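Trainee: One predicted model, sequence on top.
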Amino acid sequence: MEGTHTAFEAARKRRIELHAAMAGLESALARASAATDWRVGVIENLVNLAGAYDSHIDEVESETGILADLLSDAPRMANYVAILKHEHLTIAADLDSLIAIADEMDAKGLRDTATSILGDLVRHRQLGADLVWDAAMLDIGGQSGGPG
């Protein structure tokens, strides 16, 4: 159980960093797109978000990460873990693709695409939270209170 606690704390740290990067992008997108530095700010925040997301993936998918621990402790969650890993690939590719063409997009297209990715990330984080909750609550007897 010690490994699970360590993996949970590491995942929580990455989750906080990812949320901060998401908030930074949302804040950049919310500014007036006519501002001279709007696009630069959006792209900088996209790059920051992609880095935070890559760190999240590296952490949770590592051999000592929370997904490995969950599969070890709750193998019945394998389908949910597979969904999360697939989302990792999809969302990371979407971020990379957007960064590659962000300079060429009109403001509306950039804002709409980035906002869509933020929505995907929100849903991804919710699925991850539900997975950890379901695995931990079922495996440790269902006592009140959440993991951690």
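Mentor: It's in.
Trainee: Give the residue spans of the protein that score low on pLDDT.
Mentor: Residues of the chain meeting the criterion pLDDT under 70: 1-4, 137-148.
Trainee: Please identify the buried residues of stretch 85-105?
Mentor: 87, 88, 91, 94, 95, 98, 102, 105 (16 or more other CB atoms under 10 Å). Using the backbone N, CA and C atoms, a C-beta is placed for each residue, glycine as well.
Trainee: What are the contacting residues of that stretch?
Mentor: With contacts defined as CB atoms under 8 Å, 6 or more residues apart in numbering, stretch 85-105 is touched by 39, 42-43, 46-47, 49-50, 53-54, 57, 61, 67, 110, 113-114, 117, 120-121, 124, 127.
Trainee: quick one: residue 38 from residue 59, how far?
Mentor: 32 Å (CB to CB, to the nearest Å).
Trainee: Residue 34 in helix, strand or coil?
Mentor: Under the three-state scheme (DSSP: H, G, I helix; E, B strand; the rest coil), residue 34 adopts coil.
Trainee: what about it, how many neighbours?
Mentor: Neighbourhood size, residue 34 [other CB atoms under 10 Å]: 7.
Trainee: Give the other helices and strands that the helix or strand where residue 5 lies contacts.
Mentor: Per DSSP states H and E: residue 5 is located in helix 2-30. If contacts are counted by 3 or more CB pairs under 8 Å, 6 or more residues apart in numbering; DSSP states H and E, helix 2-30 sits against helix 38-60, helix 66-73, helix 107-139.
Trainee: For the first one, buried residues please.
Mentor: What it means is helix 38-60. For helix 38-60, by 16+ other CB under 10 Å, it's 38-39, 41-43, 45-46, 48-50, 52-53, 56-57, 59-60.
Trainee: Output the contacting helices and strands for that helix.
Mentor: helix 2-30, helix 66-73, helix 78-101, helix 107-139.
Trainee: How about residues contacting that helix?
Mentor: Residues contacting helix 38-60 (CB under 8 Å, 6+ apart): 10-11, 13-15, 17-18, 20-22, 24-25, 27-29, 31-33, 65-67, 84, 88, 91-92, 95-96, 98-99, 102-103, 107, 110-111, 114, 121, 128.
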